[in-house]
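In: Sequence first, then the predicted structure, then my questions.
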Amino acid sequence: MRIPLISKTTQIDINFLRRSFKESAKIYNEIVSSAHSKTLEELYTDEFKPKNTKSCITTVKSLFSGKPVEAKLNEMMLTGLSFKKNHRLKFSLIINKINELGYKSFGILVNKTKTNKFLPGRMESYQNEEFAGVQIRLLQAAIEYAKRYSIKSMPLTSLLPALKFHTMMGFRPIRTFDFEIRNQQDFKKAIEKCYYKISDGELYLRDIIPIISKTNGKYYLDVNRTIYCSMMKYNEKTAKTKGLKALKIYDRDPLSMVVMNLQGREFNKWLERIKGFEMIPDNGFSDPKFGIYEKFIRRWFSIIFG
């Protein structure tokens, strides 16, 4: 059921807002629960368990044979001088010693007095017609690494075609309180602003699914979750129409991206899931050895880019 965009009166009565708020929660929960990954479930079975855990060796799935293929996790420090201070990393999955299947970059903000923070970066995979589970294993490696720093929340900003993948991995769009809904005109303007953020010439105003949030007794249009729910439905429809399993990832206006987070119950699911499948050694990684010139360059990059 869709939330009506037009009411009979200019003012929106409280009962309408209450119904809209409840309906928003229902729509959101249905969309989230509809995203499942068979590959995620399959990778954490005995068949795909690596022979040696905590040895940087893992498995991905061959789409030709359906069988596990061993892959090695490589680590590289991009910026920073020590793992004990702020730094950025790049994890790569390699098969046959030189064949890179994909990579994930991210950062760690080390805070001695407060909670350490996970800084999102970028993730890509190649040869997707040959192998499945590459990005899942890279995410696992990042979660293992975050756990070492007692990090329990992993944010990211998702491109719209990637929303389903991140949802299947346990990421959820954050709740926002963007436009207070006091009357019908407020509602109409807020919906139109969401539409112009994500319209690509094929998406129509009727495709917008307004999601209402509430705080301190006031009702708001939640732009982040409105874009999320609208694009999840739109992407599903587009993929079916074009006969695609997934939409191609491409760069778009950053204003149309969705802010997501992996935390709480979904983060704890990952901690349970990866037991017996760990890649990173118990002693972690050793601080790299740098010359004077490289130390200067890395220090300069660290100051500028954090």
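Out: Sure thing, it's come through. Computed from a predicted model, the values in this text were never measured in an experiment.

In: Okay, and the beta partners of M77?
Out: Taking DSSP bridges as the rule, M77 bridges to L89.

In: pretty sure it is in contact with R88, am I right?
Out: Yes. Counting by CB atoms under 8 Å, M77 touches R88, with 7.3 Å between them. Placement of C-beta: from N, CA and C, glycine included.

In: any idea how far T79 is from R122?
Out: Plainly put, T79 is 14 Å away from R122 if you go by CB to CB, to the nearest Å.

In: Can you pick out the residue with more neighbours from those two?
Out: Shown here are T79 and R122; by other CB atoms under 10 Å, T79 has more neighbours (19 against 10).

In: Show the model's pLDDT score for the more buried one.
Out: According to the prediction, T79 has pLDDT 89.

In: Next: L255.
Out: pLDDT for L255: 52.

In: And for the closest residue to H87 other than its chain neighbours, the neighbour number?
Out: Sequence neighbours aside, G80 is the residue nearest to H87 in space, at 2.8 Å (criterion: CB to CB, 6 or more residues apart in numbering). Neighbour count for G80, taken as other CB under 10 Å: 22.

In: which SSE is K233 in?
Out: Taking DSSP states H and E as the definition, one finds K233 inside helix 223-242.

In: neighbouring contacts of that helix?
Out: For helix 223-242, the external contacting residues (CB atoms under 8 Å, 6 or more residues apart in numbering) are 24, 27-28, 31, 35, 160-161, 163-164, 167, 173-176, 178-179, 190-191, 193-194, 197-198, 202-203, 207-211, 213, 244-247, 256, 258-259.

In: just the buried members of those residues?
Out: Neighbour counting with 16 or more other CB atoms under 10 Å marks 24, 27-28, 31, 35, 160-161, 163-164, 167, 173, 176, 179, 190-191, 194, 197-198, 203, 208-211, 213, 247, 256, 258-259 as buried within those.

In: about what we covered before: so the residue nearest to H87 makes contact with R88?
Out: Yes. Using CB under 8 Å, G80 makes contact with R88 at a distance of 6.4 Å.
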